[in-house]
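1. Next comes the sequence, and after it the predicted model I'd like to discuss.
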Amino acid sequence: MMSTRLVTLLNSHPIRRIAPQTCYSCLSSIQKDKKDHTAAGFPSGFCFFKRDFWKLRVGSLAGHECGLSNKRSFSLTPGGIVNAAPSSVQPYLRLMRLDKPIGTWLLYLPCTWSIGLAADPGCLPDLRMLALFGTGALLMRGAGCTINDMWDKDFDKKVSRTAMRPIAAGQISRFQALVFLGGQLSLALGVLLCLNYYSIALGAASLSLVVTYPLMKRITYWPQLVLGLTFNWGALLGWSAVMGSCDWSVCLPLYFSGVMWTLIYDTIYAHQDKDDDIKLGVKSTALKFQEKTKPWLSAFSVAMLSGLVLAGANADQTLPYYAAVSTVAVHLAHQIYSLEFNKPADCWKKFASNRNLGLLLFLGIVVGNLWKKREDSQYETHLNSIPT
């Protein structure tokens, strides 16, 4: 009885007619299964909630974005925030991947490492700088995704995982994306202008990498290397923002470690799409390494850890830092040993776990810096500033 009423109400609802077999508000393509007769009761062109539709409660249907009422359930998760936004805004938020913050974390974390290493002995990192770089990472990751999707519109249409990205799905035109890109870059420039002149010039130098990275998959089997050069620019910029210029004995090993880290996690990520990449003629390290992926990832891990040890030594880091580096080593070993690179779900799980790896290292840097003793001159300066 309840099921009959729902079907009748759905069939009579005038605003539910959309493209056949596609649920745009869920941003997912519904695969037709000959053995699945769930949709038999729905006219062609109506959205249905996949094969387990009849298992859902009526309340869940009413709260679904494709549902029968105008009410929207809200949660504080990134996806929930995007779904709660006005429908006209949602495609732009998805274009900048606000619903998938892992990329923002991976861009932001090398900045935090650098800012943490540049802090005065015995002090916490500069919270203002951490906030500025967090805002900049959100904006620049969004800008990078916008550029990527503008370049890859035709490719994205042919890959199941990316077919419902806003530009590929026709929800946003290339011109609208270009205007949106201009807005993101303008705001990012505002963040950059809050830094010193050295850092402004250094930050501006990274823009060429941001623009050209999406083209690399058409040219070389090493686009992940170019992504690493791009994503870890904050390892240079964070130090210069705090100190006024780069100490290359610390910044270069840290930057090198970040690049190696990106080669690890983005090679794992690329294994999700390798079948589609072969069909489209797109290149990646996943296709280059194939069955030899684990030895390559192991070599990148050794290089990353060596760079971190060198950066820590040159920054006079202490025991907690090296304990964190050791934990990072264990994390990487587990990732690589347990990786099933022919299973996309496992690739995504291992890829996403790198946020925790980066946070562990940042924690080690902060605690290691607090472990240091303040220099006598700092105490004298502090004492002299106290009125008698």
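-> Perfect, thanks for sending it. Residues are numbered from 1 along each chain as shown.

2. alpha carbons only for contacts and neighbour counts from here, please
-> Noted.

3. Nearest residue to the middle of the protein?
-> Closest residue to the average C-alpha location of the chain: residue 103 at 0.6 Å, with Cα atoms, centre = their mean.

4. thought it was touching residue 141?
-> Yes - with contact defined as Cα atoms under 8 Å, residue 103 counts as touching residue 141 (7.0 Å).

5. which element follows the host helix or strand of residue 312 toward the C-terminus?
-> Using DSSP states H and E, residue 312 sits within helix 293-314. Sequence-wise, the next helix or strand downstream of helix 293-314 (DSSP H and E) is helix 319-338.

6. So which bits of the very next helix or strand once past that following helix are buried?
-> Where DSSP H and E defines the elements, the next helix or strand beyond helix 319-338 is helix 344-352. Buried positions in helix 344-352, judged by neighbour count with 16 or more other Cα atoms under 10 Å: 344, 346, 347, 348, 350, 351, 352.

7. Show me where the stretch 151-300 of the chain dips below the pLDDT cut-off.
-> Nowhere does the stretch 151-300 of the chain drop to pLDDT under 70.

8. hang on, the earlier thing: ok, now how distant is the residue nearest to the centre of the chain from residue 112?
-> According to Cα to Cα, to the nearest Å, residue 103 and residue 112 sit 15 Å apart.

9. Residue 308 too?
-> Residue 308 is 14 Å from residue 112, by Cα to Cα.

10. how about the strands in the chain?
-> Secondary structure of the chain (DSSP state E): strands at 22-23, 28-29.

11. Could you give the average pLDDT over the last one?
-> Per-residue pLDDT values over strand 28-29 give a mean of 38.

12. can you check the first one too?
-> In this model, strand 22-23 carries a mean pLDDT of 42.

13. Can you list the residue ranges for helices in the stretch 101-250 of the chain?
-> 102-117, 127-151, 153-157, 174-192, 197-204, 207-219, 223-231, 234-243, 248-270 (DSSP state H, counting those that start in this stretch).

14. which stretch among these comes nearest residue 96?
-> helix 127-151 (3.8 Å; Cα to Cα).

15. buried residues in the closest one?
-> Buried residues in helix 127-151 (16+ other Cα under 10 Å): 129-130, 133-151.

16. what's the answer for stretch 85-104, then?
-> Buried residues in stretch 85-104, defined by neighbour count with 16+ other Cα under 10 Å: 90-99, 101-104.
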